[in-house]
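Everything below, folded, please.
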Amino acid sequence: MKQIHKLVATSLLCGPALLLSACDDSSSGGDSGTINIGLPEGLYLSLLNATDGTYYGYDSTTGVLTDLNEKAATSQDESIQNMQITDTSVIGHFLHWPLASEEHEEEAAAEEEEHAHEEGELEMYYLLMYPEYQPGSAVDADSFSVIAHFHDADLAAHTSEDFRDAEAGSQAAEMLEMLNAHVAEQLALEDEISEALPAGQTLCRAYIDPVAAAELAHEEEAAGEEEAHDHGELVHFALT
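Have a look, this model is predicted:
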């Protein structure tokens, strides 16, 4: 049975971005309390204060607020330990990256499925970029401190060192290649939308619905279409 992934919002307080994508369920380890702030169920928020490094996770289904730094400090799992932020000088902004889950790709190959992506077949990764990183430029191990996503039920992270000097053909090298392709596509999208804005409007961020994009890409692949899809067929989100 496929897991239904949660919608996740990652936000930098005192920072520039509010990011939405799909993610797995979270656990309630390292709980700091239970609150209800009126959000729909099925959301997971990661909230980081760029000034003092305060770092919380919030599950809107359970109402559990988790101190992610405290959870990382007390965990015996290295990937969860990597989530801890002890140096605010590394905090730039979050870069979000929706990616087709490996689990689904393996299942699809084994079963020769020919259907569009369903809910739960995308994973959300987010990277904590260094302050000196310029949005839209190529990403390498010197661009970010950690890349976070769910490991089963827990939000966990890989450090940038896992991607340093990645050997050609390795999983790390392939992930960087896919990430940079996404960054380039995002930059092209923002340039395209900026040109279409009314006079006096400045674009902050722009997105294409990642689920709709994955569905369209799968449909084109099944139909044997090699040309890139038209952005006009997808749902855009633009913040000015």
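
use CA for all of it now, contacts and neighbours both
Will do.

Mind checking what secondary structure residue 238 has?
strand (DSSP: H, G, I helix; E, B strand; the rest coil).

Residue 141 now?
Residue 141 - assigned by three-state DSSP - is coil.

got the phi/psi numbers for residue 58?
With angles defined as degrees, to the nearest 10, residue 58 sits at phi -130, psi 130.

Numbering from 429 from now on, please.
Right, with 429 as the first residue, what we last looked at is residue 486.

And the pLDDT for it?
At residue 486, the model reports a pLDDT of 90.

So what's the residue count around it?
27 (other C-alpha atoms under 10 Å).

where do the strands sit along the protein?
Secondary structure of the chain, counting by DSSP state E: strands at 434-441, 446-451, 459-462, 471-477, 483-487, 492-495, 522-528, 550-557, 572-579, 582-587, 633-636, 664-667.

In TSV, list those along with distance to residue 609.
Putting the strands of the chain into TSV (distance: least, C-alpha to C-alpha, whole Å) gives the following:
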stretch	distance to residue 609
strand 434-441	21
strand 446-451	18
strand 459-462	37
strand 471-477	25
strand 483-487	29
strand 492-495	33
strand 522-528	11
strand 550-557	15
strand 572-579	16
strand 582-587	20
strand 633-636	15
strand 664-667	19
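
right, so of those, which gets closest to residue 504?
Proximity to residue 504 (C-alpha to C-alpha) singles out strand 582-587 among the strands of the chain, at 12.1 Å.

Any stretches of this protein with poor pLDDT?
429-460, 529-549, 652-661 (pLDDT under 70).

In terms of secondary structure, what does the longest helix anywhere in it contact?
In the chain, ranked by residue count with DSSP state H as the criterion, the top helix is helix 599-624. Contacts defined by 3 or more C-alpha pairs under 8 Å, 6 or more residues apart in numbering; DSSP states H and E place helix 599-624 against strand 633-636.

Extract the C-alpha set from the strand it packs on and format it as PDB.
Extracted in PDB, the C-alpha atoms of strand 633-636 (Å, rounded to 0.1, in the frame of the first residue of the first chain):
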ATOM      1  CA  ARG A 633       8.700  33.500  -6.200                       C
ATOM      2  CA  ALA A 634       6.900  31.400  -8.800                       C
ATOM      3  CA  TYR A 635       6.000  27.700  -8.800                       C
ATOM      4  CA  ILE A 636       4.300  25.100 -10.900                       C
END
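
Any idea how far it is from the middle of the chain?
Centroid separation for strand 633-636 versus its chain: 13 Å, with C-alpha atoms, centre = their mean, to the nearest Å.

What pairs with it, parallel or antiparallel?
Strand 633-636 sits in its sheet next to strand 664-667 (antiparallel), going by DSSP bridges.

ok, residues contacting the strand it pairs with?
Strand 664-667 is contacted from outside by 621, 631-637, using C-alpha atoms under 8 Å, 6 or more residues apart in numbering.

Now that we have those residues, which of them are buried?
For the contacts of strand 664-667, a neighbour count by 16 or more other C-alpha atoms under 10 Å gives the buried set as 621, 633-635.
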